[in-house]
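1. Provide a 3D model corresponding to the input given below.
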Amino acid sequence: MTAGKPAVQRQRAAEVDPAIAGLDVYIVGGAVRDALLGRAAQDSDRDWVVVGATPEQMADRGFIPVGGDFPVFLHPRSKEEYALARTERKSGRGYKGFTFYTGTDVTLEDDLQRRDLTINAIAQAPDGRLVDPLGGRADIRDRIFRHVGQAFVEDPVRLLRLARFAARFPDFSIAPETMDLARRLVDEGEVDALVPERVWREIAKGLACEEPGRMFQVLHATGALPRIMPGFIYDSSVLEADLACAARRGLGLASRFALACRLSDSPQDIGRHLRAPGECLDHARLLPEVVDALSVQSRGGGPDAWLDLMERCDALRKPARFMDLIAAANCVSAVDIDGWRKRVDAMRSIDAGAIALAMKGQPERIKAALREARLRALQDL
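-> Numbering: from 1, shown residues only. Okay, here's the model as predicted:
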C-alpha cells in the first residue's frame, strides 16, 4: 500500500458527499487505470468498492440494491455502482461458477487480489491516495498485461478481456506466463462454458478499439477462436490490415464485424452464433458479395453491373447501409466512394410513381420502365 495523505484530509474529501461520509470507499479498476495512462475512461461510469460495510448499512444511507450474486448498490444521486468488498471461490464450471463472500472482514487487498490483471487491480481513495499492492503501476509503466494470480484460469471471461485490452492498448505486451494461463483456459475447456451473448459483448467492444486485429491475434494464439467463433477463418495479414483501415477511417461496428468475417465461408452464421445484432448479420452477408462485384467491375463494368449490385443490396431502400458496405469494401481494395454515392443518388432520383402511372399500373411494364429509367440516369453520369 502506498503512503497516503493524513486521515483527516481523507475524511474532509469524503464529507463532500454525505452518502459516503464515514465509509471506507475506493474507485477501482478501469477508471484508475485510464487516469494513470492519461486517457479518457472508456466506460461511462466509475466503479466503487466499499470496505467493512454491510448491506443494511448501505440501504440505510439510501443506496439502491441491484446486485444478484453479490451486493452491489447504486448511489442515491449519482447512480454509480458501489460493490461491497468481496472474495470469491471457484465452485463450478465457467464464469458463473463462483461463490462470493462479502463479510465486513474482507479487506481492500483481498478484493483487489481477485481481479484479472494487475493494471486493473489499483484502487484510489476519495482524496486521491492510490492503493497498489500488486504492482499495477509498474506494469502500466512497462506496458505489460500481467495476471493477478493463478485464479486467472478459473474465469474464461478473463481471456476475452485480455484479448480486448490488447486491441485497446496496442503498445502493451502480454507477459508470457499470462499467455500460458490464457491457453490453459482453452485447453482445460473453461472457455467452452462461455455463452454467445457474453462472447459478443467483448468482441463488439474489441472491434471498437484502436487495433481490433490484435484481439483476434490473441484469441488465435490461445486457440480460442474455433471454440467461441465456429467457422471463423483467421488470416493475420488480411484481417489486421482490413481492421486497421476500418479503425483509421472510423467505420461502424457492423462494417468492422463484416470485415473481420469476410474470409469465412458463412459470415452470417458466425454472427448468428454470437447473437450479433441484425445490422451486423446483414453487413456480414452482403460485404463479400460487394467486394466480389467490385473486383469484377474493376476489370470492366458499366451501368448494368452497377444497377445489379445496387438492387441486390437494396440500395434504393437502404442507401446508408449500401454506402457503409462500399466504405468497408474500400478497406479491401480502392473504391470510388464518391462515384458510388452519385450512382445511388441518381437511381433514387427516378420518380417511380410517375412511371407507374404512365404504365397504367401494369407490374411487368412498370418494372421494365423503372430499370430503363435508372440505367439512363446512370449512363448520364
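
2. What residues sit buried inside the helix or strand containing R89?
-> For R89, the enclosing helix or strand under DSSP states H and E is strand 87-90. Using 16 or more other Cβ atoms under 10 Å as the test for burial, strand 87-90 gives 87-88. The way it works is simple: take the backbone N, C-alpha and C, and place the C-beta from them, glycine included.

3. strands paired with that strand, and their directions?
-> Strand 87-90 pairs in its sheet with strand 98-101 (antiparallel), by DSSP bridges.

4. then the strand it pairs with to CSV, C-alphas only?
-> C-alpha atoms of strand 98-101 as CSV (Å, rounded to 0.1, in the frame of the first residue of the first chain):
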residue,chain,number,x,y,z
PHE,A,98,-18.2,-18.9,-8.2
THR,A,99,-19.2,-18.4,-4.6
PHE,A,100,-18.8,-14.9,-3.2
TYR,A,101,-18.1,-13.8,0.4
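
5. dump the residue contacts of G339.
-> L381 (Cβ atoms under 8 Å, 6 or more residues apart in numbering).

6. so it is in which element?
-> Using DSSP H and E, the element containing G339 is helix 337-348.

7. Which element is encountered next along the chain beyond that helix?
-> Next in sequence after helix 337-348, counting helices and strands by DSSP H and E, comes helix 352-358.

8. What helices and strands are in contact with that next one?
-> Contacts defined by 3 or more Cβ pairs under 8 Å, 6 or more residues apart in numbering; DSSP states H and E place helix 352-358 against helix 363-380.

9. Tell me how far I366 lies from A373.
-> To A373, I366 is 10 Å away according to Cβ to Cβ, to the nearest Å.

10. shared neighbours of the two, which are they?
-> The contact lists of I366 and A373 share I355, where a contact means Cβ under 8 Å, 6+ apart.

11. Tell me how the protein divides into domains.
-> The chain breaks down by automatic domain parsing into domains covering 1-141, 143-228, 243-335, 349-381.

12. Nearest approach to K342 belongs to which of those?
-> Closest approach to K342 among the domains of the chain is made by domain 349-381 (6.0 Å; Cβ to Cβ).

13. and the helix holding G339, which residues are buried?
-> So for helix 337-348, counting by 16+ other Cβ under 10 Å, buried means 340, 343-344, 346-347.

14. Excluding its own residues, what touches the longest helix seen in the chain? List them.
-> Of all segments of type helix in the chain, defined using DSSP state H, the longest is helix 278-297. For helix 278-297, the external contacting residues (Cβ under 8 Å, 6+ apart) are 253-255, 257-259, 261-262, 267-268, 270-272, 276, 305-306, 308-309, 312-313, 321, 324-326, 328-329, 332-333, 335.

15. tell me the angle of it relative to helix 337-348?
-> Relative orientation of helix 278-297 with respect to helix 337-348: 100 degrees, computed using axes from the mean of the first three to the mean of the last three Cα atoms, to 10 degrees.

16. mean confidence score for helix 278-297?
-> The predicted model assigns helix 278-297 a mean pLDDT of 95.

17. Which SSE is immediately downstream of it?
-> Using DSSP H and E, the first helix or strand after helix 278-297 is helix 303-312.

18. helices or strands up against that next one?
-> Helices and strands touching helix 303-312, as assessed by 3+ Cβ pairs under 8 Å, 6+ apart, comprise helix 278-297, helix 337-348, helix 363-380.

19. highest average neighbour count across the ones you listed?
-> Of all the helices and strands packed on helix 303-312, helix 278-297 has the most neighbours on average by mean count of other Cβ atoms under 10 Å, namely a mean of 19.

20. tell me the angle that helix makes with helix 303-312.
-> Going by the same axes, to 10 degrees, helix 278-297 makes 170 degrees with helix 303-312.

21. Centre of the chain to helix 278-297, how far?
-> 22 Å (Cα atoms, centre = their mean, to the nearest Å).

22. if I look at the nearest residue to F152 once chain neighbours are set aside, how far off is D60?
-> In space, and not counting its chain neighbours, F152 is closest to L181: 4.8 Å by Cβ to Cβ, 6 or more residues apart in numbering. Per Cβ to Cβ, L181 is found 41 Å from D60.

23. got the contact list for the residue nearest to F152?
-> Contacts of L181 (Cβ under 8 Å, 6+ apart): 147, 150, 152-153.

24. out of those residues, which are buried?
-> Using 16+ other Cβ under 10 Å, the buried members of the contacts of L181 are 147, 152-153.

25. one step back: make a markdown table out of the helices and strands packed on helix 303-312 and add distance to G29.
-> Shown next, in a markdown table, are these (distance: least, Cβ to Cβ, whole Å):
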| stretch | distance to G29 |
| --- | --- |
| helix 278-297 | 28 |
| helix 337-348 | 40 |
| helix 363-380 | 54 |
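
26. Relative to G213, which of those helices is closest?
-> helix 278-297 (16.7 Å).

27. Cheers, nothing more for now.
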